[in-house]
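In: my questions are about this predicted structure, shown below with the sequence.
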Amino acid sequence: MVERKHVEEMHLRRGDMDLRFIINHSHGHLRFMDYRVGSYQEKRDALDELAARLRLRKVFTLVEKQDSHNWRSVGFVREGVYPAFFRTADAYTMSRPFRRAGRSGRAATSSPAFRGASCGNLRGSVSISWRTRAPAAA
């Protein structure tokens, strides 16, 4: 039996599009981190295909405020704002939730997002640690 990693850092390449992301299998979430090249619809279609294959519940990323409209136009919603996260702009958390694992609320696209694509692990695995702060003294 092959044991699945809890969290993996992966990448997807198709043509000039290169997406880098972290998948949390336990939570069913994918956070994509680098998405500079390719149209928004092409990126959304690739992420939807990946969500269906992995039965994900949510795909999300951080974007600059001026980029949030483009993500909204392809079905992402704004979840929150990080003021002054980027040097010159706020960061918006944009997500695309799925009603059932891997299925968005919108009609499925017919785009073969993985045709000619390569998808694999990046070197090493991702380790995530949580730190909590003690409450400030009154």
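Out: Perfect, thanks for sending it.

In: in this structure, where is pLDDT below threshold?
Out: For the chain, applying pLDDT under 70 flags the ranges 1-4, 100-138.

In: where exactly do the helices run in it?
Out: 40-54, 68-72 (DSSP state H).

In: quick check: buried residues in the last one?
Out: With burial defined by 16 or more other Cβ atoms under 10 Å, the residues of helix 68-72 counted as buried are 68, 71. Bear in mind the C-beta positions are built from the backbone N, C-alpha and C, glycine included.

In: who touches it?
Out: 40, 61, 63, 78, 92, 94 (Cβ atoms under 8 Å, 6 or more residues apart in numbering).

In: if you set the cut-off to 10 Å instead, what comes out?
Out: Outside of helix 68-72, the residues within contact range by Cβ atoms under 10 Å, 6 or more residues apart in numbering are 35, 39-41, 43-44, 60-61, 63, 76-78, 81, 90-96.

In: can you redo the helices of the chain as TSV with distance to Lys5?
Out: Converted to TSV, the helices of the chain look like this (distance: least, Cβ to Cβ, whole Å):
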stretch	distance to Lys5
helix 40-54	12
helix 68-72	28
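
In: can you tell me which of these is most buried?
Out: Among the helices of the chain, ranked by average contacts under mean count of other Cβ atoms under 10 Å, first place goes to helix 40-54 (a mean of 20).
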